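show me the folded form of this:
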Amino acid sequence: MRVEEIGHDRVRVTGGRGAPKTGFLKTSVGYVDSFIGEGQISYAGAGAVARGKLALDIVRERLALTGVATSETRFDLIGVNALHGRAANEVEPYEVRIRVVGRTDSLAEAARIGNEVETLYTNGPAGGGGAWKSAREIVAVASAFVPESAAQLRLSLFEA
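Predicted structure coming up:
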């Protein structure tokens, strides 16, 4: 295909080719794929990493004991291993933030993940602060081909 400028705000397009219609139309469909539950809390001062690791162990065990059904989970120490796994720098950070996130089949199950992290205020290592939690749906998009004969052309006008 070739595009040639032939004047101010004017172009000529040549060399384009087409193909016969396939009889199908491509469509994209959005659907609720799953739910994500997340919780975070920070630890600072001497032993922050050890307390963060203990907090992650506590939440991991609490999720198992209470039967939270997840298809995927992550347990991260932000500032230590959240991006690249084990940190290349072996210097002990003065502060860490733990993050626990899991994929579930319901919003109620997703909320339980953040709730378990929040309980670390009173049932976890000393000095936790700044807890945060969320539960939200994940909308995915799938593309599919639909027979052109199944599509109906319709136009609707709405006035504001």
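
neighbours of the residue nearest to S143 when sequence neighbours are not counted, how many?
Leaving aside its chain neighbours, S143 sits nearest to S28 (5.1 Å; criterion: Cβ to Cβ, 6 or more residues apart in numbering). Placement of C-beta: from N, CA and C, glycine included. Using other Cβ atoms under 10 Å, S28 is surrounded by 8 other residues.

what is the one helix or strand S28 maps to packed up against?
Assigned by DSSP states H and E, S28 falls within strand 24-44. Here strand 24-44 touches helix 48-65, strand 95-104, helix 107-118, strand 129-147, going by 3 or more Cβ pairs under 8 Å, 6 or more residues apart in numbering; DSSP states H and E.

for the protein, give me the ranges with low pLDDT.
82-90 (pLDDT under 70).

correct me if wrong: the residue nearest to S143 contacts A140.
No: S28 is beyond contact range of A140, at 10.4 Å (criterion: Cβ atoms under 8 Å).

L120 contacts G129, correct?
No: judged on Cβ under 8 Å, L120 makes no contact with G129 at a distance of 10.0 Å.

higher neighbour count, the two?
Using other Cβ under 10 Å as the criterion, L120 and G129 rank with L120 on top: 24 against 11.

how far away is that one from V13?
62 Å (Cβ to Cβ, to the nearest Å).
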